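Asker: mind looking at a prediction? Sequence and model below.
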Amino acid sequence: MKKNSNPHISVIMNCRNGERNLTQSIKSIINQTFKNWELIFFDNQSSDNSKKILKSFKDKRIKYLKSKKILNLYNARNQAINHAKGKYITFLDTDDLWTKDKLNKQFEFFKKNKNSYILYTNYFHYLQNKKKKKITFLKKLKSGFITKDLLRNYTIGIITAMLHKNVFKKIKFKNKFNIIGDFDFFIRSSKIFKISYMHKPLAVYRVHD
């Protein structure tokens with residue numbers, strides 16, 4: 001591999017039987033205006049057609065990994081991150097979406113803000129049953145050392161976040177969690193790193209049964 005041939009951004013997608021909306025989620029990565037990414041797809045012992053759907057995308061930027069046993073979600077996230085080669089790490093779940101300029105907007109932000117390590121954004125809620133989409137936060141949220149703000153009102157959607165890979169040298173997800181792991185992670189991160197916010201919604205969180 002040539003020097004500098006690594007992708008700029010690693011996308012982490014953890015999957016446990018996520019076939020229902022998986023095609024749309026992967027397409028929202030493929031269709032990004034920013035092209036220098038890799039997708040680390042971590043299959044957590046799925047028994048549905050998730051692997052088949054993923055393999056239908058003939059794209060060399062997609063890396064498929066399969067766990068030998070079922071792991072807690074945040075253990076699986078850590079395992080996937082261990083394989084990431086990008087300078088920046090971002091997350092998309094199998095039922096959610098990104099706007100096509102998501103990676104580009106965030107990458108440009110980091111180029112201009114060299115001392116930033118964590119960036120999150122506004123996002124849309126998509127009510128699948130009603131087929132309605134609405135902006136989550138109407139007022140601009142805070143940046144900086146925002147631990148107290150997050151404890152008062154937790155506002156970081158993991159599918160919006162992009163982090164410098166060096167963050168994970170200091171803090172990792174706690175393996176024991178299946179839920180609230182991102183809340184715990186970002187609260188701990190906020191004590192060490194300033195967290196930046198972009199008000200433009202760049203992701204779509206799907207609400208369904």
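Answerer: That came through fine.

Asker: ok, the residue at minimal distance from the centre of the chain - contacts?
Answerer: Taking Cα atoms, centre = their mean, the centroid of the chain lies closest to Phe91, which sits 1.3 Å from it. Neighbouring residues of Phe91 by Cβ atoms under 8 Å, 6 or more residues apart in numbering: Val11, Ile12, Met13, Arg77, Ile158, Ile159, Ala161. From N, CA and C alone the C-beta is placed, and that goes for glycine too.

Asker: and of those, the nearest to Ser189?
Answerer: Using Cβ to Cβ, Ala161 is the member of the contacts of Phe91 that lies nearest Ser189, at 9.7 Å.

Asker: for the residue nearest to that closest one when sequence neighbours are not counted, which three-state class applies?
Answerer: Nearest non-adjacent residue to Ala161, counting by Cβ to Cβ, 6 or more residues apart in numbering: Tyr120, 4.7 Å away. Using DSSP: H, G, I helix; E, B strand; the rest coil, the three-state assignment for Tyr120 comes out as strand.

Asker: do I have it right that Tyr120 meets Tyr154?
Answerer: No - between Tyr120 and Tyr154 there is no contact under Cβ atoms under 8 Å: 11.1 Å.

Asker: report the set of residues contacting both of these two.
Answerer: Counting by Cβ under 8 Å, 6+ apart, nothing touches both Tyr120 and Tyr154.

Asker: who has more neighbours out of these two?
Answerer: Neighbours per residue, other Cβ atoms under 10 Å: of Tyr120 and Tyr154, the larger number sits with Tyr120, 25 against 13.

Asker: from Ser25, how far out is that one?
Answerer: 19 Å (Cβ to Cβ, to the nearest Å).

Asker: show me the helices in this protein, by range?
Answerer: For the chain, the helices defined by DSSP state H occupy 19-30, 50-55, 73-81, 102-112, 147-152, 167-170, 181-190.

Asker: can you pull out the low-pLDDT segments for the protein?
Answerer: 1-4, 209 (pLDDT under 70).

Asker: and Leu151, what does it touch?
Answerer: Neighbour list for Leu151: Ile187 [criterion: Cβ under 8 Å, 6+ apart].

Asker: for the chain, what's the longest strand?
Answerer: Ranked by residue count, the top strand of the chain under DSSP state E comes out as strand 195-207.

Asker: centre of the chain to that one, how far?
Answerer: Distance of strand 195-207 from the chain centroid (Cα atoms, centre = their mean, to the nearest Å) equals 11 Å.

Asker: quick one: list the elements packing against that strand.
Answerer: strand 97-98, helix 102-112, strand 118-127 (3 or more Cβ pairs under 8 Å, 6 or more residues apart in numbering; DSSP states H and E).

Asker: nearest to Ile40, of those?
Answerer: helix 102-112 (14.4 Å).

Asker: and the angle for that closest one with strand 118-127?
Answerer: Helix 102-112 and strand 118-127 are oriented at 160 degrees to each other (axes from the mean of the first three to the mean of the last three Cα atoms, to 10 degrees).

Asker: next, the buried residues of helix 102-112.
Answerer: If you call a residue buried by 16 or more other Cβ atoms under 10 Å, then helix 102-112 has these buried ones: Lys102, Leu103, Asn104, Lys105, Gln106, Phe107, Phe110.
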